[in-house]
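Visitor: Sharing a model prediction with you, sequence too.
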Amino acid sequence: MKRISLTAWIFIGMAAGVLLGVFAPDFAKQLGPVSAVFLRLIRSIVAPLIFATLVAGIAGSGGSKNMGRIGAKTILYFEIVTTLALFLGLAAVNLVRPGLGVPISQTAGDKIPQAAASAGSFVEHIVPVSLIDAMARNDVLQVVVFAFLFGAACAAIGAKAAPVVAFCGSLAEVMFQYTKYVMYLAPFGVGAAIAVTVGSKGIGVLFGLSKLILTMYGAAVLCVLLILWPAIPLFRIPAGKFYRAIREPVMIAFSTASSEAALPLALENMERFGVPKHIVGFVIPTGYSFNLVGSTLYLSLASVFVAQAAGVHLSLGEQLLMMLTLMLTSKGVAGIPRAALVILSGTLATFHLPLEGAAVLLGVDALLDMARTAINVLGNCLASAVVARWEGYKLTGTVAD
């Protein structure tokens, strides 16, 4: 029994969750607290781990000049892959046309999310008023901004900052050990999350909008094969070791539909894979706001799906304009619940498409969210490896089977 890997236990937990949701839905609905406890434990890791890893990494990397170069490469890579994901979603939805024949009607219990904030308020939001406040709210981007500046200051004053840097290095190691303890609960947490979803929505949710679900999952597979995978041979990333590094974070992301739940293990595994601390600590958390590959894929697909369901013809130019709008408005929303629906509702309003379309998608959003969250986590882990290789580092780390 001890030889069964965490990945296998997560699969067992998922299967048990599906069976409970199908055959004992009333009991499955009561498992919400189990999933909530696991997610709360995970969230307790995120802010201190990001802060400690990033400060220790930046202070040891030579400071702000090196990080500025790394940041430029990171943002360039993010923009390339998210743009390609938008166009892949656009191609898939126009080819399959899953919106045809889907009635748009808003049920009484549905609540449409509010539209996203403006670009100006987003820029203002990323600067923290207080590190403690940012940590208390688990605002990843604010923690990254503070840690970036704090780490650069430590590098600038040199030996005087050595005790602070040593403390941050030790704190990162402690949080990694803490993560290992929390991961013992992962099979129970992900199993409960799946059970609640299936028990609440019913197995029929798989068939109500099956064409849309299949289109999304098909597009997700193509996204991995055509957009993400080519970076592995291009940057000479060891494919087998990379798979072993990302399989558990991606499984946790898929089963819980929470990028946050996968973040601590993603940071730890990519560092063990050989990506330096300062790159891991910067690229992956920043990617949670700027490299939502799965979410951008979904947004392009979902927005045109609503137009098709409403019988509204969008020209190629209008679709491209919508893609540009989605590209700009989808940044920095990782901390918002149902972030993709928030952006989608704002885009529908901008292009005078019925908001009832977002209500239709709410019914299957849990299933769609699992796919887009898994792709988000996979894309961010890959981004850290790409930037590390771009910086000339050899990925010679080891990850246990």
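Guide: Here it is on my side, so go on. Numbering: from 1, shown residues only.

Visitor: Going by contacts, tell me the helices and strands next to the lengthiest helix in the chain.
Guide: Under DSSP state H, the helix in the chain containing the largest number of residues is helix 64-96. Helices and strands touching helix 64-96, by 3 or more CB pairs under 8 Å, 6 or more residues apart in numbering; DSSP states H and E, are helix 140-157, helix 210-222, helix 277-290, helix 293-310, helix 316-329, helix 365-390. Any C-beta I mention is one placed from the backbone N, CA and C, and that applies to glycine too.

Visitor: CA atoms only for the second one, dumped as CSV, please.
Guide: This means helix 210-222. Extracted in CSV, the C-alpha atoms of helix 210-222 (Å, rounded to 0.1, in the frame of the first residue of the first chain):
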residue,chain,number,x,y,z
SER,A,210,-22.5,17.6,-24.3
LYS,A,211,-21.4,19.1,-27.7
LEU,A,212,-20.0,22.2,-25.9
ILE,A,213,-18.3,20.1,-23.3
LEU,A,214,-16.7,17.8,-25.9
THR,A,215,-15.6,20.8,-28.0
MET,A,216,-13.9,22.3,-24.9
TYR,A,217,-12.1,19.1,-24.0
GLY,A,218,-11.2,18.4,-27.6
ALA,A,219,-9.8,22.0,-27.9
ALA,A,220,-7.9,21.5,-24.6
VAL,A,221,-6.2,18.4,-26.0
LEU,A,222,-5.3,20.3,-29.2
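
Visitor: just the angle between it and helix 293-310, please?
Guide: Between helix 210-222 and helix 293-310, the angle comes out at 150 degrees (axes from the mean of the first three to the mean of the last three CA atoms, to 10 degrees).

Visitor: hmm, which helix or strand of the protein has the shakiest average pLDDT?
Guide: Least confident helix or strand, the chain: helix 205-208 with a mean of 53, by mean pLDDT, DSSP states H and E.

Visitor: picking up where we left off before, which among the helices and strands packed on helix 64-96 is found nearest to Thr256?
Guide: Nearest to Thr256, of all the helices and strands packed on helix 64-96, is helix 365-390, at 7.9 Å by CB to CB.

Visitor: remind me which residues of the chain are low pLDDT?
Guide: For the chain, the stretches with pLDDT under 70 are 1-3, 7, 60-65, 101-122, 201-209, 328-343, 346, 359-360, 362-363, 397-401.

Visitor: circling back to that earlier point, in CSV, list the helices and strands packed on helix 64-96 along with distance to Thr197 and mean neighbour count.
Guide: As requested, those are arranged in CSV below (distance: least, CB to CB, whole Å; neighbours: other CB atoms under 10 Å):
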stretch, distance to Thr197, mean neighbour count
helix 140-157, 24, 20
helix 210-222, 13, 18
helix 277-290, 22, 26
helix 293-310, 17, 27
helix 316-329, 26, 16
helix 365-390, 5, 24
